[in-house]
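Asker: Below: sequence and its predicted model.
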Amino acid sequence: IRRKQAAVKTAAEVYRRARRALLTLGMEENDQTYRPLRPEDLRPFVLRMEEQQRGDSKKAPSWIWGDFSFVEKTKTIAHLISIAMRVHWFRRRAVTAR
């Protein structure tokens with residue numbers, strides 16, 4: 001768990017550094033692709049019900065899980081991500097409706 005948390009922290013620092021560089025180069029502060037990364041954005045994308053924690057059904061997924069443009073554009077991967085996002089949406093909706 002510590003290794004995963006450290007990896008997330010490192011990736012967040014790299015993203016923030018890259019965003020600062022883009023801002024320095026003239027990117028708009030309110031750019032919708034490279035948004036500011038807040039600590040609450042670093043929540044995992046939970047697909048399996050057994051991974052959910054109490055209160056998760058009331059939280060919207062982080063914006064970082066809405067854009068998979070960084071993934072290599074193969075049809076198989078894009079299709080799998082699309083299915084995962086739809087399954088996730090339906091599960092969250094069902095849990096919220098309970």
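Answerer: Here it is on my side, so go on.

Asker: Show me which residues of stretch 80-91 are buried.
Answerer: Under the neighbour-count criterion of 16 or more other C-beta atoms under 10 Å, stretch 80-91 has Met85, His88, Arg91 buried. All C-beta spots, glycine's among them, are computed from the backbone N, C-alpha and C.

Asker: Looking at these, which are in helices?
Answerer: When DSSP state H defines the helices, the subset of the buried residues of stretch 80-91 inside them is Met85, His88, Arg91.

Asker: can you list those in CSV and add pLDDT?
Answerer: Conversion of those to CSV gives the following (pLDDT from 0 to 100):
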residue, pLDDT
Met85, 75
His88, 72
Arg91, 72
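
Asker: so which of the buried residues of stretch 80-91 would you say is closest to Glu40?
Answerer: Closest approach to Glu40 among the buried residues of stretch 80-91 (C-beta to C-beta): His88, at 18.1 Å.

Asker: Pass me the low-pLDDT residue ranges in the protein, would you?
Answerer: Along the chain, the parts satisfying pLDDT under 70 run over 45-61, 67-75, 95-96, 98.

Asker: can you give me the helices for it?
Answerer: Using DSSP H, the helices assigned to the chain run over residues 2-24, 75-97.

Asker: Those helices into TSV, with extra columns for distance to Tyr34?
Answerer: Below are those laid out as TSV (distance: least, C-beta to C-beta, whole Å):
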stretch	distance to Tyr34
helix 2-24	5
helix 75-97	20
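
Asker: Which among those is found nearest to Leu37?
Answerer: Using C-beta to C-beta, the nearest of these to Leu37 is helix 2-24, at 5.5 Å.

Asker: hmm, back to that, Tyr15: which of the ones in helices among the buried residues of stretch 80-91 is nearest?
Answerer: Met85 (20.8 Å).

Asker: Could you pull up the residues touching that closest one?
Answerer: Trp65 (C-beta atoms under 8 Å, 6 or more residues apart in numbering).

Asker: And Ile64, by the same measure?
Answerer: By C-beta under 8 Å, 6+ apart, the contact set of Ile64 is Leu37, Asp41.
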